[in-house]
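> Okay, predicted coordinates and the sequence, questions at the end:
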Amino acid sequence: MREKTMKLVITFHTTTEAMAMERLCQETGTPGRLIPVPREISAGCGMAWCVPVEQRPALEKLAAEHTVCTDGWYELLV
C-alpha cells in the first residue's frame with residue numbers, strides 16, 4: 001500500500017468538465033491525473049483532478065483563463 005500524501009483534489013459538476021481539465025493540463029504540460037472522487041467528498045460527476053497542493057495557484061489561473069467550471073477545491077490526504 002502506498003503512503004498517502006497531501007493533494008489538491010478538484011471536483012466537477014460534469015464528466016465533460018473533468019475531461020476538459022485533463023485535456024487542458026495535458027496540452028499545457030501541467031501535472032495531475034483524473035481519479036475517482038474520494039469518499040470524503042461528494043461531487044456531481046464522480047471524477048476529480050488530483051495534483052500536488054503546490055500546483056493550486058497555477059491551476060486556479062489555468063481554469064479561470066480557459067473557463068473550466070469546477071465544483072470544489074479540496075486539500076486532502078490521498
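Here it is on my side, so go on.
> Every contact and neighbour count from this point should use C-alpha atoms.
Will do.
> quick one, helices of this protein?
Under the criterion DSSP state H, the chain contains helices at 15-28, 56-65.
> which residues of this structure score low on pLDDT?
The model of the chain has pLDDT under 70 over residues 43.
> check contacts around Ile35.
Contact analysis of Ile35 by CA atoms under 8 Å, 6 or more residues apart in numbering lists Met47, Ala48, Trp49, Cys50.
> now the last one, which residues is it bridged with?
Listed beta-bridge partners, Cys50: Val9, Arg33 (assigned using DSSP bridges).
> which residues does the nearest residue to Glu75 once chain neighbours are set aside contact?
Nearest non-adjacent residue to Glu75, counting by CA to CA, 6 or more residues apart in numbering: Leu8, 4.6 Å away. The contact partners of Leu8, taken as CA under 8 Å, 6+ apart, are Cys50, Val51, Pro52, Val53, Gln55, Arg56, Trp73, Tyr74, Glu75, Leu76.
> on that earlier part again, I'd like the helices of the chain as a markdown table, with mean neighbour count appended.
As requested, the helices of the chain are arranged in a markdown table below (neighbours: other CA atoms under 10 Å):
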| stretch | mean neighbour count |
| --- | --- |
| helix 15-28 | 16 |
| helix 56-65 | 13 |
